[in-house]
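In: Below: sequence and its predicted model.
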Amino acid sequence: MGRNALALPVVAAVLLLLGAATPARCWPNARECGVEKALLINACKPVVFGRPPSAQCCVRVRRTPAQCVCPIVTPKLAALVDVNRLVRIVQGCGRPVPRHFKCGSITTP
């Protein structure tokens with residue numbers, strides 16, 4: 001599996017750091033999480049290649065629960081991305097990013 005393929009789940013997870021700042025709601029079930037992850041990854045693939053997020057990507061960033069993606073962020077995957085860049089992307093999509101928020105093996109600055 002190539003570096004970019006491994007980076008997709010990490011990009012999705014870090015883009016979801018905003019999840020901690022959203023109001024509490026019911027936890028999604030496994031099927032719902034699968035759908036949410038797929039929608040987010042498909043909408044935000046260009047981000048992996050250095051492109052800015054599209055409007056569709058930002059919508060997914062705002063709607064996808066962090067609980068669906070953070071559990072898959074391993075140290076190996078976390079090492080593949082620039083957390084500061086992804087925090088800027090999330091903020092650019094209109095979502096606040098909590099300081100010192102832990103998402104899998106990533107903790108925000």
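Out: Happy to help now that I have it.

In: how far does stretch 91-104 stretch from start to finish?
Out: One end of stretch 91-104 to the other measures 19 Å (Cα to Cα, to the nearest Å).

In: Would you mark the buried spots in that stretch?
Out: Within stretch 91-104, the residues that count as buried by 16 or more other Cβ atoms under 10 Å are Cys93, Arg95, Val97, Phe101, Cys103, Gly104. C-beta: built from backbone N, CA, C; applies to glycine.

In: I'd say Gly104 and Cys70 touch.
Out: Yes. If you go by Cβ atoms under 8 Å, Gly104 and Cys70 touch, sitting 4.7 Å apart.

In: Which helix runs longest in this structure?
Out: Ranked by number of residues, the top helix in the chain under DSSP state H is helix 30-48.

In: Show me what secondary structure element comes after that helix.
Out: Using DSSP states H and E, the helix or strand that follows helix 30-48 in sequence is helix 55-63.

In: So in this structure, where's the weakest helix or strand by average pLDDT?
Out: Here the helix or strand of the chain ranked lowest by mean pLDDT, DSSP states H and E is helix 3-15, holding a mean of 60.

In: coming back round to it: helices or strands up against the longest helix of the chain?
Out: The criterion is 3 or more Cβ pairs under 8 Å, 6 or more residues apart in numbering; DSSP states H and E, and the helices and strands that helix 30-48 contacts are helix 3-15, helix 55-63.

In: Now render the buried residues of stretch 91-104 as CSV, adding secondary structure, pLDDT and distance to Cys58.
Out: As requested, the buried residues of stretch 91-104 are exported to CSV (DSSP: H, G, I helix; E, B strand; the rest coil; pLDDT from 0 to 100; distance: Cβ to Cβ, whole Å):
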residue, secondary structure, pLDDT, distance to Cys58
Cys93, coil, 93, 4
Arg95, coil, 83, 8
Val97, coil, 85, 14
Phe101, coil, 87, 19
Cys103, strand, 86, 18
Gly104, coil, 86, 22
